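1. okay, predicted coordinates and the sequence, questions at the end:
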Amino acid sequence: MCTIAVLALQGAVREHVRAIEEAGAEAVEIKQKEQLADIDGLILPGGESTTMGRLIDSYGFFDAIRNFGKQGKPVFGTCAGLILMASAIEGQEQAHLGLMGMKVARNAFGRQVASFEANLDVTYIGKAFNAVFIRAPYILEAGPDVEVLATYKDRVVAAKQGHYLCTAFHPELTDDSRFIEYFVQMVEQSKQTLAS
């Protein structure tokens, strides 16, 4: 069994833990960078990206998460987590982790009142995935190594780059477990590859 951590500094942590466990993996919440040594995959949850970026910085997680990814261990960012993983953010001089070659727009679908749900066809996941958007970002530009997995009204809302995965929506807030199950499969494959 693989162990997947949810970065528990801010955001939708409990919902991710439940979703991971339902997908058959062990879930842990982490608040210290040293805990990264004991896990196989990491989820950066939704929340407020600027606040999360400050907390990641103050807890010394920036280099630790980058090094975690450089080892080939999968990282999945949802909503604010997607923003944290981008290499460029519209209207900001600096990005956060820069794990994926993409430029993103924050709160691109509007504020909290503009939250909505949509059924999306997602590569590797299947058709009619119930996606919950809350103050959602989207990907403005995807680099050559970034694979677009889903779009909504011609805007890129899910992508993958090697062992990095991101969504503009919240897969943990739906009863459809396919996205989390897919990430668990990515983590299991990576664990086997790194062990061999």
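-> Sure thing, it's come through. Numbers count the residues shown, from 1 in each chain.
2. can you pull the contacts of residue 47?
-> Neighbour list for residue 47: 10-12, 79-80 [criterion: Cβ atoms under 8 Å, 6 or more residues apart in numbering]. The way it works is simple: take the backbone N, C-alpha and C, and place the C-beta from them, glycine included.
3. what's the closest of those to residue 122?
-> Nearest to residue 122 among the contacts of residue 47: residue 79, at 15.5 Å, using Cβ to Cβ.
4. buried ones in the longest helix out of those in the chain?
-> For the chain, the helix with the greatest residue count under DSSP state H is helix 178-195. Going by neighbour count (16 or more other Cβ atoms under 10 Å), the buried part of helix 178-195 is 178-188, 190-191.
5. related to what we said a few turns ago, I'd like the contacts of residue 47 as JSON lines, with secondary structure appended.
-> Below are the contacts of residue 47 laid out as JSON lines (DSSP: H, G, I helix; E, B strand; the rest coil):
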{"residue": "10", "secondary structure": "coil"}
{"residue": "11", "secondary structure": "coil"}
{"residue": "12", "secondary structure": "coil"}
{"residue": "79", "secondary structure": "coil"}
{"residue": "80", "secondary structure": "helix"}
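6. farthest-apart pair in these, please.
-> Greatest spatial distance among those (Cβ to Cβ): 10 and 79, at 11.9 Å.
7. now do stretch 48-63: distance to the chain's middle.
-> 15 Å (Cα atoms, centre = their mean, to the nearest Å).
8. which outside residues touch that stretch?
-> Contacts of stretch 48-63 (Cβ under 8 Å, 6+ apart): 7, 9-11, 31-33, 44, 65, 80-81, 83-84, 96-97, 106, 137.
9. recalculate using a threshold of 6 Å.
-> 9-10, 33, 80, 83-84, 96 (Cβ atoms under 6 Å, 6 or more residues apart in numbering).
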